[in-house]
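Participant: Sequence and predicted structure, then a few things I'm wondering about:
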Amino acid sequence: MSGRLLILGASGHGKVVGDCACEIDAWSELVFFDDRWAELAV
């Protein structure tokens, strides 16, 4: 585990990418960039 994975978009495909990244445990931090984050976080 090292480094930071930056993911553009926190819905749909972005969530799948984040789930896959968690499963392979290759990054120490996942960072999502999305201008609708407040709507998606609830």
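Facilitator: Arrived safely, thanks for sending. Numbering: from 1, shown residues only.
Participant: need the contact list for the residue most central in space within the chain.
Facilitator: Central residue of the chain (C-alpha atoms, centre = their mean): residue 18, 4.0 Å from the mean position. Counting by C-beta atoms under 8 Å, 6 or more residues apart in numbering, residue 18 makes contact with 7, 10, 30, 32. Every residue, glycine included, has its C-beta placed from N, CA and C.
Participant: Which helix or which strand is home to it?
Facilitator: Using DSSP states H and E, residue 18 sits within helix 13-24.
Participant: Go through that helix and flag the buried ones.
Facilitator: Using 16 or more other C-beta atoms under 10 Å as the test for burial, helix 13-24 gives 14, 17, 18.
Participant: Show me what the following helix or strand past it is packed up against.
Facilitator: With elements assigned by DSSP H and E, the helix or strand that comes after helix 13-24 is strand 29-33. With contacts taken as 3 or more C-beta pairs under 8 Å, 6 or more residues apart in numbering; DSSP states H and E, strand 29-33 sits against strand 4-8, helix 13-24.
Participant: ok, strand 29-33: who's next to it in the sheet?
Facilitator: strand 4-8 (parallel) (DSSP bridges).
Participant: what comes into contact with the partner strand?
Facilitator: Contacts for strand 4-8 (C-beta under 8 Å, 6+ apart): 14, 17-18, 21, 26-34.
Participant: Tell me who's in contact with residue 34.
Facilitator: By C-beta under 8 Å, 6+ apart, the contact set of residue 34 is 8, 9, 10, 11, 14, 40.
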